[in-house]
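*Asks:* dropping a prediction and its sequence here:
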Amino acid sequence: MAKTIPYDKKLPIRILDIGAGYGALAQFLLSQFSNATAICQDGSEEMAKLGQERMEHLKGRFDYVLCDFSQPGWSRKLTGPFEAVVSAIAIHNVGSPKIIESIYSDIFPLVKSGGCFINFDRERPPLEDQMKWLTDAGFQDVKRFWTGETRAVFGGFKK
């Protein structure tokens, strides 16, 4: 995923981790992008607390914002834009294809021009549907970057 983000690893980019949980993806990306900062969005106070403990050594480079991405208006709690919006094994959990499509539409305005949204997730709903929703949201060059047995890395760019 770090190789897919279209920025030099030394630039001070802003990363938004959707459904960050305890911060594993944000922590990894902050280790790859030495001057980046991250906002970790999650709906669970317990996960945010655990993430803050796990990433204590990165204090000052990340923060948590609590909101439920399955609920309308969630993205208004986030101050964008971000060079990279990422997610890992989170969005599929809402279950509803309509809500997932809505989440992708809510993400698009959070991405800075020249930036990207990259998602590592299950291929359900079908990946072809999800890629169409990303295109419908406004993302360009939407593609699958990697595929495993039941998971894929996919996303798009904002021109």
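*Replies:* Sure, I can see it.

*Asks:* so where do the helices sit in this protein?
*Replies:* 24-32, 45-54, 97-107, 127-137 (DSSP state H).

*Asks:* which one of those helices lies closest to F62?
*Replies:* helix 24-32 (5.9 Å; CB to CB). In short, each C-beta sits where N, CA and C put it, glycine included.

*Asks:* restrict the closest one to CA atoms and write it as PDB.
*Replies:* Output in PDB follows, covering the C-alpha atoms of helix 24-32 (Å, rounded to 0.1, in the frame of the first residue of the first chain):
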ATOM      1  CA  ALA A  24      -1.700  -0.800  12.700                       C
ATOM      2  CA  LEU A  25      -2.000   0.600   9.200                       C
ATOM      3  CA  ALA A  26      -1.400   4.200  10.300                       C
ATOM      4  CA  GLN A  27       1.700   3.100  12.300                       C
ATOM      5  CA  PHE A  28       3.100   1.200   9.300                       C
ATOM      6  CA  LEU A  29       2.500   4.200   6.900                       C
ATOM      7  CA  LEU A  30       4.100   6.600   9.400                       C
ATOM      8  CA  SER A  31       7.200   4.400   9.500                       C
ATOM      9  CA  GLN A  32       7.300   4.500   5.700                       C
END
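
*Asks:* show me what it is packed against.
*Replies:* strand 14-18, strand 37-42, strand 82-88 (3 or more CB pairs under 8 Å, 6 or more residues apart in numbering; DSSP states H and E).

*Asks:* can you tell me how far F117 is from F82?
*Replies:* Distance of F117 to F82, computed by CB to CB, to the nearest Å: 9 Å.

*Asks:* pull up the pairing partners for the longest strand anywhere in the chain, direction included.
*Replies:* If you go by DSSP state E, the chain has its longest strand at strand 111-122. In the sheet containing strand 111-122, its partner strands are strand 82-88 (parallel), strand 151-157 (antiparallel), by DSSP bridges.
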